[in-house]
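Q: Take a look and give me a structure for this.
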Amino acid sequence: MSLRPAARLLAALVPAVLLLPAAAHAEKVVTEDAVGDSLQYTVEPDSGNDVFVPAPEDTSADVMRTVVAHGDRRLAITVHVADLRRTDYFSAFARVATPLGSYGVDVSRERGSRTHAVLGRGPSRDVECRGLRARIDEAADTVTMTLPTSCIGAPRWVQVGVGVVTFEMPTDPDQAEIVLMADDGHRDGVIRENSIGKGSKVRRG
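A: Numbering: from 1, shown residues only. Just a heads-up that it's a prediction; the model follows:
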């Protein structure tokens with residue numbers, strides 16, 4: 001299986017959906033996540049069997065901390081990972097609940113490609129947001145997403161959940177199963193398509 005078809009498959013499995021300073025007077029909330037609570041997700045395409053097992057040794061997807069800063073003009077979400085090394089496929093995503101609806105920010109990178117970021121609302125509706133920025137920083141083990149609050153309706157408050165998924169291409173070309181590492185940044189347990197843990201409300205600063 002080539003990397004690009006694998007990435008397309010991962011996009012279906014992962015829930016659909018520049019480091020810039022936050023605005024002055026932004027309210028900031030820091031959420032600590034459990035250490036060593038990544039899960040290994042094994043997919044067997046031919047059999048339809050999906051298996052989740054704990055993977056405490058994984059550091060590539062293990063979320064340690066999430067920082068949300070909600071300012072008058074920009075929302076900044078920083079995800080700290082135990083060891084953010086370069087993998088064949090990396091995805092970090094945030095689900096942002098507001099008083100008027102929910103949005104998703106998805107950041108992904110394939111090995112050898114540039115970082116890609118998109119803002120969405122609902123399962124298949126992309127939202128144009130020219131000010132959306134994302135940075136994956138291996139040295140700092142962080143992923144940072146920032147966007148103008150106007151792109152999400154300038155809400156009074158936001159409530160954010162985050163997740164990370166990583167994937168390495170199998171070394172055996174005959175290996176049919178796909179193995180992902182995943183972590184929900186606000187709770188132990190599996191990342192569910194319509195249920196991701198969220199932090200407390202962060203009011204506009």
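
Q: Could you check how far residue 137 is from residue 106?
A: Distance, residue 137 to residue 106, using Cβ to Cβ, to the nearest Å: 18 Å. All C-beta atoms are positioned from the backbone trio N, CA, C, and that covers glycine.

Q: More neighbours: those two, which one.
A: residue 106 (22 against 12; other Cβ atoms under 10 Å).

Q: so where do the strands sit in this structure?
A: Here the chain has its strands, by DSSP state E, at 27-32, 39-44, 49-54, 63-70, 74-81, 89-98, 101-110, 116-120, 126-127, 133-137, 142-148, 157-167, 178-184, 202-203.

Q: ok, now which residue in this structure is the farthest from the centroid?
A: In the chain, the residue that sits farthest from the middle, by Cα atoms, centre = their mean, is residue 174; the gap is 29.6 Å.

Q: Low-confidence regions, this protein specifically.
A: 1-25, 45-49, 123-124, 176, 189-194 (pLDDT under 70).

Q: Tell me the gap between stretch 95-103 and the middle of its chain.
A: Distance, stretch centre to chain centre, for stretch 95-103: 16 Å (Cα atoms, centre = their mean, to the nearest Å).

Q: before we move on, back to that, what separation do you get for the residue farthest from the centre of the chain and residue 89?
A: Noted for residue 174: a distance of 20 Å to residue 89, by Cβ to Cβ.

Q: is it true that residue 132 touches residue 147?
A: Yes - in this structure residue 132 lies within contact range of residue 147 using Cβ atoms under 8 Å: 4.5 Å.

Q: Need the overlap of contacts for those two.
A: 105, 119 (Cβ atoms under 8 Å, 6 or more residues apart in numbering).

Q: which of the two has more neighbours?
A: Taking other Cβ under 10 Å, residue 132 and residue 147 do not tie; residue 147 has more neighbours (25 against 17).

Q: So what sits opposite that one in the bridge?
A: Beta-bridge pairing of residue 147 under DSSP bridges involves residue 75.

Q: I figured it was touching residue 75, is that so?
A: Yes - taking contacts as Cβ under 8 Å, residue 147 lies within contact range of residue 75: 5.7 Å.

Q: So what's the residue count around the nearest residue to residue 50 once chain neighbours are set aside?
A: Excluding its sequence neighbours, the residue lying closest to residue 50 (Cβ to Cβ, 6 or more residues apart in numbering) is residue 43, at 5.4 Å. Using other Cβ under 10 Å, residue 43 has 17 other residues around it.

Q: Residue 43 and residue 167: what is the separation?
A: 10 Å.

Q: shared neighbours, these two?
A: Shared contacts of residue 43 and residue 167, defined by Cβ under 8 Å, 6+ apart, are found at 178-180.

Q: Please identify, among these, the one with the most neighbours.
A: When neighbours are counted by other Cβ under 10 Å, residue 180 leads the shared contacts of residue 43 and residue 167 with 24 neighbours.
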